[in-house]
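Asks: Generate coordinates for the sequence data below:
(one chain, ligands or ions: 2)
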Amino acid sequence: MKDASPATPSQTIYLKDYTPPSHLVDSVELVFKLHPTQTRVISKIAFRPNPDAADPTFYLHGEQLKLIRASIDGQDANAKVTDLGLTAQAPDAPFLWEAEVEISPATNTALEGLYMSNGMYCTQCEAEGFRKITYYPDRPDVMAVFTVKIEGEEPVKLSNGNDLGDGTWHDPHPKPAYLFALVAGDLVNLHDTFTTRSGRKVDLNIYVRDGDLHKTPFGMDALKRSMTWDEEVYGREYDLDLFNIVAVDDFNMGAMENKGLNIFNSAAVLASPDTATDGNFHRIETIIAHEYFHNWTGNRITCRDWFQLCLKEGLTVFRDQQFSGDTRGHAVERISDVLQLRARQFREDNGPLAHPVRPESFVEINNFYTATVYEKGAEVIGMLKTLIGDADYYEGCDLYFTRHDGQACTIEDWLKCFEDVTGRDLAQFKLWYSQAGTPRVKVDESFHDGTYTLTFIQSTPPTPGQDTKDPKVIPIAVGLLNEAGEEIHATKVCEVTDEVHKFRFTGLEAKPVPSINRNFSAPIILERDQSNAERAFLLAHDTDPFNKWEAGRALARDVMVRMVTEDATPDQAYLDALVAVARDDTLEPGFKAMCFSGPSNDDIQQALVDGGVTPDPTRIFLTGQTLNLAISQTMQDLLPRIYAEMQVDGPYSPRSEDADRRFWGNAALAMLSRLDGGAQAAAQYASADNMTQQLAALGCLLRAEVGEAQNAAFYAQWKDDRLVIDKWFSMQVSHAKLAAAPAKAAELTAHPDFTMANPNRFRAVFGALAGNSAGFHEPGGSGYALLADWLIKLDAKNPQIAARMSTAFETWPRYDADRQGMMREALTRIQAAPGLSPDLSEMVNRILA
Ligand code: ARG
Ligand code: ZN
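Replies: Ligands and ions are numbered 1, 2, ... in the order given. The predicted model follows:
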């Protein structure tokens, strides 16, 4: 049975058309009689007419449901059923709706609604999956108290809220249907407890399949630290006596914040030193925190409609970034967050898929769980905090939590709290939510009679549906240094509000060196004529760690761009600056490693596009090889010592002091491997006692094309661990060069362990291909053709993942005519595939528009 939605005409939904629901729900009682292909769901729902309704017609969403019976106050409901829902004649007074439907979890390959993963039942309802479970007003502004009874053989049966025993659950907090969850299976759990600040004792559990228990302690620890942090920083306490987490192997995204029952992709929660890398540990900590923080920002206060998604996601990402900064250090955290923002969000914001942080229309809401809603949404919160200051920010948050507890809210509700606290008008600030596109800020400077003037000129390029933009309020943090490298003006936030806005710094003895947009205070692209000498100076002296790193980054980017466009040789001043960073004992290892992770292929492409040059991914790749070799040769004498010094003794711990040493040590190993043919990497591979060291070594060997034996050994060692084997799939594609990457991806799809039923496995291969620029864009077009073939195949089973992965094509307008032609051809072929899902077709249409 094919699981893609039936062919119904896709409709565009507009924010401006929002109307309140016809009916409200007082309580919901659900009984699940579990069966792989014939699960019965019996519902009793107490409705009452909404006094604020625009249209009183009683309508319930429902998709792929077999209706067995439905009644209103005990009388046959005479429901008129379509593919998308039903209507019935309802009394103009409170009434009881009772229905029974049949669904088939085992054949639900879309992984939305109730489905099965390795014999276990689980759900994913956000955004609109509950309508695949039973008929219901499946919209976030309808909130209700749920009682759930689960009947089945499974030893563990879980739902939201409190456990009443015997598979029965009651959640006292009214919630929208997207936060409903159910899990049933043969599971084991790690148990712990947490006592909240006001003395509530909370039972904590992480449920996993038998054999995975040893991978749960880190997640549990991260959960407890998140709970403490939210109490200390935001004054938010947990509000139930039980908090359950479940790990699921087949899951479309990272995790889901269902009330009291968070469901996680196993890759986002399970970790042990031998199977997970430092990067995995960090990501798990972030996601655990993120989902936990949603309990207040998302669950207690939810979204009125899906256009407001950034209300919970932008804010919750901001909160998890704050938490990670407090945990692993703010400089390295900020740098990683900005790297991620530029790689995913800037790319999106400057291509055909650009959309506002609060979109105004959509066909399929699942297509709007984007870097713009999440990451740019978080940047917008950060700018608000910078503009109004910490004290007003936290006071505004407190007001938001008290004023809107239990409500479904909008961005307007959120901003009003800060207007009320500060007395400021945030109308101009709100443009960050409605205008798409990355602002460009051009900087001019002048110096006369002790006065230094910075002139900022802002503009935002047109984006789909938005030809012109108004000036935004942009907080640009600036500090000044003198020629000796001393800070002569501490960081000051310049509030740029006009298209052209000047700021003066007086009483200076000489023209200073400015450090602009410190800590990346605004998500913008700065356009400034800056010499490489000044960049090297800031890399050596800036007191703002982010801008110190940024100066090195700008230097590296410029060097690469000149090598690509002017056939320049690797710049000696840049190489010297790197050596100075490596030798500087005042710098942390994590920071040094960050300075050595050069710009990605996509980064250089974005820089070239901004400079009006057509990027050639092949040439960028080959240039990168040349530059990396030059860096390694320049560093040659230092490498053995750095490598030796960064070795961590004793048992593995994911703590950041150790992880940062491994990070810098493995950067040194990567350089060494370009000179020694992989000898040191082979030694590290042979002696590694944790996954970070093992995988880093394997990466160096694969890059040097000498890792065949280790690659085979790795598979043999880990063939029974799905999460490690995902890495094995992905590494081979990431490290394959040029046209070998699509060829390797194609070869791996024939491996017996490849399956497109598991999103992690599919992403391991095709996410790695899309991330390998020079491979995906190899001039023969084999990358495009292969991905198009597989997206068409996957779409019939799992439209959400197919749609998500189609963003690999979003950069097509950047390239030369040949690549453009082949990318468009691949997209047109997808568009023409019979029975294409609304998800994938919306994406392809937008990409091609
Ligand atoms: N709310 C979840 C989170 O932020 C993600 C849900 C994504 N849902 C989707 N349909 N893409 O953690
Ligand atoms: Zn979230």
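Asks: Now the residue of the stretch 501-650 of the chain found nearest ligand 1: closest residue in space, sequence neighbours ignored.
Replies: Among the residues of the stretch 501-650 of the chain, residue 523 lies closest to ligand 1, at 19.5 Å counting by C-beta to the nearest ligand atom. C-beta: built from backbone N, CA, C; applies to glycine. Residue nearest to residue 523 in three dimensions, not counting chain neighbours: residue 379, with 4.2 Å by C-beta to C-beta, 6 or more residues apart in numbering.
Asks: and residue 271, backbone torsions?
Replies: Residue 271 adopts backbone torsions of phi -150, psi 130, taken as degrees, to the nearest 10.
Asks: The nearest residue to residue 674 once chain neighbours are set aside: which element?
Replies: Excluding the flanking residues, the one nearest residue 674 by C-beta to C-beta, 6+ apart is residue 632, at 4.3 Å. Taking DSSP states H and E as the definition, residue 632 sits inside helix 617-635.
Asks: Could you list every helix and strand in contact with the longest helix seen in the chain?
Replies: Criterion DSSP state H: the longest helix present in the chain is helix 545-566. Applying 3 or more C-beta pairs under 8 Å, 6 or more residues apart in numbering; DSSP states H and E, one finds that helix 545-566 contacts helix 330-340, helix 532-541, helix 572-583, helix 589-596, helix 601-610, helix 617-635.
Asks: repeat that for 6 Å
Replies: helix 330-340, helix 532-541, helix 589-596, helix 601-610, helix 617-635 (3 or more C-beta pairs under 6 Å, 6 or more residues apart in numbering; DSSP states H and E).
Asks: Save these as a markdown table, and put in distance to ligand 2 too.
Replies: Shown next, in a markdown table, are the helices and strands packed on helix 545-566 (distance: least, C-beta to the ion, whole Å):
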| stretch | distance to ligand 2 |
| --- | --- |
| helix 330-340 | 15 |
| helix 532-541 | 35 |
| helix 589-596 | 26 |
| helix 601-610 | 25 |
| helix 617-635 | 32 |
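Asks: right, so the ones you listed: which one is the most enclosed?
Replies: helix 589-596 (a mean of 22; mean count of other C-beta atoms under 10 Å).
Asks: got the angle for that one vs helix 330-340?
Replies: Interaxial angle of helix 589-596 relative to helix 330-340 (axes from the mean of the first three to the mean of the last three C-alpha atoms, to 10 degrees): 30 degrees.
Asks: Residue 156 and residue 187 touch, don't they?
Replies: Yes - using C-beta atoms under 6 Å as the test, residue 156 is close enough to residue 187 to be in contact (4.4 Å).
Asks: Tell me which of those two has more neighbours.
Replies: A count of neighbours by other C-beta atoms under 10 Å puts residue 187 above the other of residue 156 and residue 187, at 21 against 18.
Asks: In contact with the more buried one, which residues?
Replies: With contact taken as C-beta atoms under 6 Å, 6 or more residues apart in numbering, residue 187 is in contact with 156, 207.
Asks: and it, how far is that from residue 31?
Replies: Going from residue 187 to residue 31 by C-beta to C-beta, to the nearest Å gives 21 Å.
Asks: ok, now residue 840?
Replies: 35 Å.
Asks: now do residue 360
Replies: Going from residue 360 to residue 31 by C-beta to C-beta gives 40 Å.
Asks: where does the residue of the stretch 501-650 of the chain closest to ligand 1 land in three-state SS?
Replies: Of the three states, residue 523 takes coil according to DSSP: H, G, I helix; E, B strand; the rest coil.
Asks: And it, its phi and psi?
Replies: Main-chain torsions, residue 523, degrees, to the nearest 10: phi -80, psi 80.
Asks: Likewise for residue 474?
Replies: phi -120, psi 110.
Asks: I figured it hits residue 497, correct?
Replies: No - using C-beta under 6 Å as the test, residue 474 is too far from residue 497 to be in contact (7.9 Å).
Asks: Those two: which is more packed in?
Replies: Per other C-beta under 10 Å, whichever of residue 474 and residue 497 has more neighbours is residue 474, with 23 against 14.
Asks: Return the residues in contact with residue 748.
Replies: Residue 748 neighbours (C-beta under 6 Å, 6+ apart): 729, 754, 765.
Asks: distance of the second one from residue 190?
Replies: Plainly put, residue 754 is 31 Å away from residue 190 if you go by C-beta to C-beta.
Asks: ditto for the last one
Replies: Separation of residue 765 from residue 190 (C-beta to C-beta): 31 Å.
Asks: tell me what the helix or strand containing residue 514 is packed against?
Replies: Using DSSP H and E, residue 514 maps to strand 513-516. With contacts taken as 3+ C-beta pairs under 6 Å, 6+ apart, strand 513-516 sits against strand 474-481.
Asks: Show me what counts as buried in stretch 734-744.
Replies: Neighbour counts over stretch 734-744 (16 or more other C-beta atoms under 10 Å) mark 734-744 as buried.
Asks: ok, how many other residues are close to residue 85?
Replies: 19.
Asks: how much space between it and residue 24?
Replies: In terms of C-beta to C-beta, residue 85 sits 17 Å off from residue 24.
Asks: same deal with residue 396?
Replies: Note on residue 396: its distance to residue 24, by C-beta to C-beta, is 29 Å.
Asks: try residue 399
Replies: Going from residue 399 to residue 24 by C-beta to C-beta gives 26 Å.
Asks: swap in residue 167?
Replies: Distance from residue 167 to residue 24, counting by C-beta to C-beta: 28 Å.
Asks: one step back: so between residue 840 and residue 31, which is more surrounded?
Replies: For residue 840 versus residue 31, neighbours defined as other C-beta under 10 Å are more numerous around residue 840 (28 against 17).
Asks: and that one, what does it touch?
Replies: Residue 840 sits next to 795, 799, 802-803 when contact means C-beta under 6 Å, 6+ apart.
Asks: what secondary structure does it sit in?
Replies: Going by three-state DSSP: residue 840 is helix.
Asks: Show me what from the protein comes close to ligand 1.
Replies: Contact residues (C-beta under 6 Å from any ligand atom) of the chain with ligand 1: 126-127, 253-257, 290-291, 313, 366, 369.
Asks: what about burial for these, which qualify?
Replies: When those are checked for burial by 16+ other C-beta under 10 Å, the buried set is 126-127, 253-257, 290-291, 313, 366, 369.
Asks: would you list the helices and strands packed on helix 545-566 in CSV and tack on mean pLDDT?
Replies: As requested, the helices and strands packed on helix 545-566 are exported to CSV (pLDDT from 0 to 100):
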stretch, mean pLDDT
helix 330-340, 97
helix 532-541, 96
helix 589-596, 98
helix 601-610, 97
helix 617-635, 98
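Asks: quick revisit: which members of the contacts of residue 748 occur in helices, if any?
Replies: Within the contacts of residue 748, residues falling in helices by DSSP H are 729, 765.
Asks: low-confidence ranges in the stretch 1-150 of the chain?
Replies: 1-9 (pLDDT under 70).
Asks: Can you name the residue of it nearest to ligand 1?
Replies: residue 126 (4.6 Å).
Asks: Phi first, then psi, for that residue.
Replies: Dihedral pair for residue 126: phi -70, psi 140, per degrees, to the nearest 10.
Asks: Same question for the one 10 residues further on.
Replies: Here is the backbone geometry of residue 136 (degrees, to the nearest 10): phi -170, psi 150.
Asks: Adjust the sequence numbering to begin at 44 for everything that follows.
Replies: Yes, from this point I'll number from 44; that puts the last item at residue 179.
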